[in-house]
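**Student:** okay, predicted coordinates and the sequence, questions at the end:
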Amino acid sequence: MTPRVPSKKQTLLQYLQRGVTMVHLDARRPGVVVPPQYAGDAHLRLNLSYRYSIPDFEVDEHRVQATLSFSGTPFQCILPWQSIFGITSHAGDGQVWPEDLPTEVMQTLGRSDRQPAARAERPGLVAVPREANTGDRPTGEKTRDAGPSADDSPRRPHLRLVR
């Protein structure tokens, strides 16, 4: 019997209770509102936390809404649930919804399974066993994969594949 997978909303609310939570989304999906320079990103990562005291932070049945800071400039973001394909807690937990993964992210998963490489910042989205942990990232910061670097030590992946 397959265990019941929590909804994206349930997962986000649970992780927010523990602290900083990173939402992984395809910014190209319909209804997504993010700064124009990130609107074409297949894998945009945004940090959320109740500790940030975001005045318009709202999680409802259709979307997540919050004004986040991008390079010190506030921008009201709207993130429909169908655009979100992964959620990670800075406590080390994470979930991914494979049916919502963009093709480009799936290709990255295939490469990283065959050739694990160190990353300059955080590992990319990788499906891993439940016991994997990771470090943390500053508030509301948008991050990108920086690619392999010989100077950095490898980090453990931080998402698990949910079927």
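**Tutor:** Cool, got the structure.

**Student:** shaky segments in the protein?
**Tutor:** For the chain, the stretches with pLDDT under 70 are 1-3, 110-163.

**Student:** residue ranges of the strands in it, please?
**Tutor:** For the chain, applying DSSP state E gives strands covering 21-25, 44-48, 58-59, 63-70, 73-80, 84-89, 94-96.

**Student:** Throw those strands into CSV and include distance to residue 15 and mean neighbour count, thanks.
**Tutor:** All C-beta spots, glycine's among them, are computed from the backbone N, C-alpha and C. Compiled in CSV, the strands of the chain are given as follows (distance: least, Cβ to Cβ, whole Å; neighbours: other Cβ atoms under 10 Å):
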stretch, distance to residue 15, mean neighbour count
strand 21-25, 4, 25
strand 44-48, 9, 23
strand 58-59, 11, 14
strand 63-70, 12, 18
strand 73-80, 15, 16
strand 84-89, 4, 25
strand 94-96, 9, 25
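
**Student:** for residue 107, find the nearest of these.
**Tutor:** Across the strands of the chain, residue 107 has its closest neighbour in strand 84-89 (13.9 Å, Cβ to Cβ).

**Student:** what does that closest one contact?
**Tutor:** 8, 11-12, 15, 18-26, 64, 94-98, 100-102, 105, 125, 134, 158-159 (Cβ atoms under 8 Å, 6 or more residues apart in numbering).

**Student:** 6 Å instead?
**Tutor:** Applying Cβ atoms under 6 Å, 6 or more residues apart in numbering, the contact partners of strand 84-89 are 8, 11-12, 15, 18, 21-25, 94-97, 100-101, 125, 158-159.
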